[in-house]
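Trainee: Please work out how this folds:
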Amino acid sequence: MEGVGPRSQTEQTGLSIMTEATQFCVALENKPGTLAALCHVLRRADVDVQALFVSNDEEFCWVNMVAVPMDAVERMLCDGGYHFFTEKVLTVRTQNRPGALEAVAARLADNGVNINYVYGSSMDASEFTLVLNVSDHDAAVRTLGADRQTV
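Mentor: Next comes the predicted model:
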(Lines give C-alpha, C1' and ligand atoms only; values in the text may rest on other atoms or scores of the structure.)
Protein backbone atom coordinates (compact mmCIF):
# COMPACT_ATOMS: atom_id res chain seq x y z
CA MET A 1 0.00 0.00 0.00
CA GLU A 2 1.56 3.27 -1.09
CA GLY A 3 2.33 5.87 1.56
CA VAL A 4 2.16 3.37 4.42
CA GLY A 5 5.35 2.69 6.29
CA PRO A 6 6.96 3.01 9.70
CA ARG A 7 5.75 6.00 11.65
CA SER A 8 8.23 8.65 12.73
CA GLN A 9 9.52 8.58 16.30
CA THR A 10 7.30 11.56 17.11
CA GLU A 11 4.22 9.80 15.76
CA GLN A 12 5.06 6.59 17.63
CA THR A 13 5.60 8.23 21.01
CA GLY A 14 3.25 11.16 20.67
CA LEU A 15 6.15 13.36 21.80
CA SER A 16 6.29 16.68 20.04
CA ILE A 17 8.50 18.97 22.14
CA MET A 18 10.77 18.32 25.14
CA THR A 19 12.46 21.24 26.91
CA GLU A 20 14.54 21.59 30.03
CA ALA A 21 13.16 23.94 32.65
CA THR A 22 13.79 25.19 36.16
CA GLN A 23 11.10 24.53 38.72
CA PHE A 24 10.71 26.68 41.81
CA CYS A 25 9.63 24.73 44.91
CA VAL A 26 8.17 27.14 47.46
CA ALA A 27 7.20 26.23 51.02
CA LEU A 28 4.06 27.92 52.33
CA GLU A 29 2.18 27.63 55.59
CA ASN A 30 -0.88 25.48 55.07
CA LYS A 31 -3.50 28.08 55.92
CA PRO A 32 -6.01 30.23 54.04
CA GLY A 33 -4.54 33.09 52.05
CA THR A 34 -0.92 31.98 51.66
CA LEU A 35 -1.33 30.80 48.07
CA ALA A 36 -3.31 33.93 47.22
CA ALA A 37 -0.52 36.08 48.69
CA LEU A 38 2.12 34.26 46.63
CA CYS A 39 0.01 34.65 43.48
CA HIS A 40 -0.41 38.37 44.24
CA VAL A 41 3.33 39.01 44.35
CA LEU A 42 3.86 36.89 41.24
CA ARG A 43 1.32 39.03 39.38
CA ARG A 44 2.89 42.26 40.64
CA ALA A 45 6.28 41.03 39.38
CA ASP A 46 4.67 40.27 35.99
CA VAL A 47 5.56 36.59 36.29
CA ASP A 48 3.95 34.08 33.94
CA VAL A 49 3.29 30.75 35.68
CA GLN A 50 3.50 28.09 33.00
CA ALA A 51 2.93 25.02 35.19
CA LEU A 52 1.80 24.62 38.80
CA PHE A 53 1.38 21.78 41.27
CA VAL A 54 0.50 22.23 44.94
CA SER A 55 0.78 19.43 47.50
CA ASN A 56 0.36 19.65 51.23
CA ASP A 57 0.56 18.03 54.61
CA GLU A 58 -0.88 19.29 57.90
CA GLU A 59 1.71 22.01 58.39
CA PHE A 60 3.07 23.06 54.99
CA CYS A 61 2.17 23.09 51.36
CA TRP A 62 4.67 22.97 48.53
CA VAL A 63 4.09 25.05 45.44
CA ASN A 64 6.03 23.61 42.52
CA MET A 65 5.98 25.93 39.55
CA VAL A 66 7.66 26.58 36.25
CA ALA A 67 7.54 30.35 35.82
CA VAL A 68 9.20 33.05 33.75
CA PRO A 69 11.11 35.28 33.71
CA MET A 70 13.22 33.23 36.10
CA ASP A 71 15.26 36.15 37.43
CA ALA A 72 12.06 38.00 38.40
CA VAL A 73 10.70 34.90 40.16
CA GLU A 74 13.91 34.38 42.12
CA ARG A 75 14.18 38.06 43.06
CA MET A 76 10.52 38.18 44.14
CA LEU A 77 10.85 35.03 46.27
CA CYS A 78 14.06 36.26 47.93
CA ASP A 79 12.70 39.78 48.54
CA GLY A 80 9.48 38.33 49.94
CA GLY A 81 11.31 36.09 52.41
CA TYR A 82 9.93 32.89 50.89
CA HIS A 83 11.71 29.58 51.58
CA PHE A 84 12.33 27.88 48.24
CA PHE A 85 14.74 25.84 46.18
CA THR A 86 15.03 25.14 42.47
CA GLU A 87 15.41 21.91 40.56
CA LYS A 88 15.73 20.83 36.96
CA VAL A 89 12.63 19.39 35.32
CA LEU A 90 11.61 18.44 31.81
CA THR A 91 8.50 19.71 30.13
CA VAL A 92 7.11 17.42 27.47
CA ARG A 93 4.28 18.23 25.10
CA THR A 94 2.59 15.11 23.78
CA GLN A 95 -0.36 14.36 21.62
CA ASN A 96 -3.46 14.15 23.80
CA ARG A 97 -4.29 10.52 23.09
CA PRO A 98 -4.43 7.23 24.99
CA GLY A 99 -0.94 5.81 25.53
CA ALA A 100 1.05 9.04 25.13
CA LEU A 101 2.24 9.12 28.76
CA GLU A 102 2.89 5.39 28.61
CA ALA A 103 5.17 5.89 25.60
CA VAL A 104 7.22 8.60 27.34
CA ALA A 105 7.42 6.61 30.61
CA ALA A 106 8.43 3.43 28.76
CA ARG A 107 11.20 5.20 26.81
CA LEU A 108 12.61 6.60 30.04
CA ALA A 109 12.29 3.26 31.86
CA ASP A 110 13.97 1.40 28.97
CA ASN A 111 16.95 3.71 29.49
CA GLY A 112 17.09 3.30 33.28
CA VAL A 113 15.45 6.64 34.13
CA ASN A 114 12.86 6.70 36.92
CA ILE A 115 10.11 9.31 36.98
CA ASN A 116 10.10 10.67 40.54
CA TYR A 117 6.89 12.57 39.90
CA VAL A 118 4.92 13.99 37.01
CA TYR A 119 2.08 16.47 36.68
CA GLY A 120 0.39 17.94 33.70
CA SER A 121 -2.70 19.25 32.02
CA SER A 122 -4.44 19.63 28.72
CA MET A 123 -6.28 22.74 27.64
CA ASP A 124 -7.41 21.36 24.28
CA ALA A 125 -8.10 18.06 22.61
CA SER A 126 -4.83 17.88 20.69
CA GLU A 127 -2.00 18.42 23.21
CA PHE A 128 -1.06 17.40 26.72
CA THR A 129 1.80 19.04 28.63
CA LEU A 130 3.74 17.11 31.29
CA VAL A 131 6.28 18.31 33.84
CA LEU A 132 8.65 15.52 34.85
CA ASN A 133 11.11 15.26 37.72
CA VAL A 134 13.39 12.34 36.96
CA SER A 135 16.12 10.35 38.68
CA ASP A 136 18.76 11.13 36.05
CA HIS A 137 18.15 14.42 34.29
CA ASP A 138 21.01 14.08 31.79
CA ALA A 139 20.01 10.53 30.80
CA ALA A 140 16.42 11.67 30.33
CA VAL A 141 17.56 14.52 28.08
CA ARG A 142 19.64 12.05 26.04
CA THR A 143 16.71 9.61 25.87
CA LEU A 144 14.18 12.18 24.75
CA GLY A 145 16.76 14.32 22.93
CA ALA A 146 15.77 13.19 19.46
CA ASP A 147 12.50 14.97 20.08
CA ARG A 148 14.07 18.05 21.65
CA GLN A 149 13.42 21.47 20.27
CA THR A 150 14.67 24.80 21.47
CA VAL A 151 11.88 27.18 22.41
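Trainee: Figure out the helix or strand that residue 55 lives in.
Mentor: Using DSSP states H and E, residue 55 sits within strand 48-56.
Trainee: Need the residues that contact the next helix or strand after that strand.
Mentor: Later in the chain than strand 48-56, the nearest helix or strand by DSSP H and E is strand 60-68. Applying Cβ atoms under 8 Å, 6 or more residues apart in numbering, the set of residues contacting strand 60-68 from outside is 21-30, 34-35, 38, 42, 47-56, 73, 89, 91, 119, 131. Yep, even glycine has a C-beta here, placed from its N, CA and C like the rest.
Trainee: ok, now which ones touch the nearest residue to residue 72 once chain neighbours are set aside?
Mentor: Distances taken as Cβ to Cβ, 6 or more residues apart in numbering put residue 45 closest to residue 72, at 4.9 Å, once the chain neighbours are dropped. Listed by Cβ under 8 Å, 6+ apart, the contact set of residue 45 reads 72-73, 75-76.
Trainee: Show me how to select, in PyMOL, the buried members of the contacts of strand 60-68.
Mentor: Selecting only the buried entries of the contacts of strand 60-68 in PyMOL, with 16 or more other Cβ atoms under 10 Å as the criterion:
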select buried, resi 21+23+24+25+26+28+34+35+38+42+47+49+51+53+73+89+91+119+131
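Trainee: Secondary structure and pLDDT for the contacts of residue 45 - can I get that in JSON lines?
Mentor: Formatted as JSON lines, the contacts of residue 45 follow (DSSP: H, G, I helix; E, B strand; the rest coil; pLDDT from 0 to 100):
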{"residue": "72", "secondary structure": "helix", "pLDDT": "95"}
{"residue": "73", "secondary structure": "helix", "pLDDT": "96"}
{"residue": "75", "secondary structure": "helix", "pLDDT": "95"}
{"residue": "76", "secondary structure": "helix", "pLDDT": "95"}
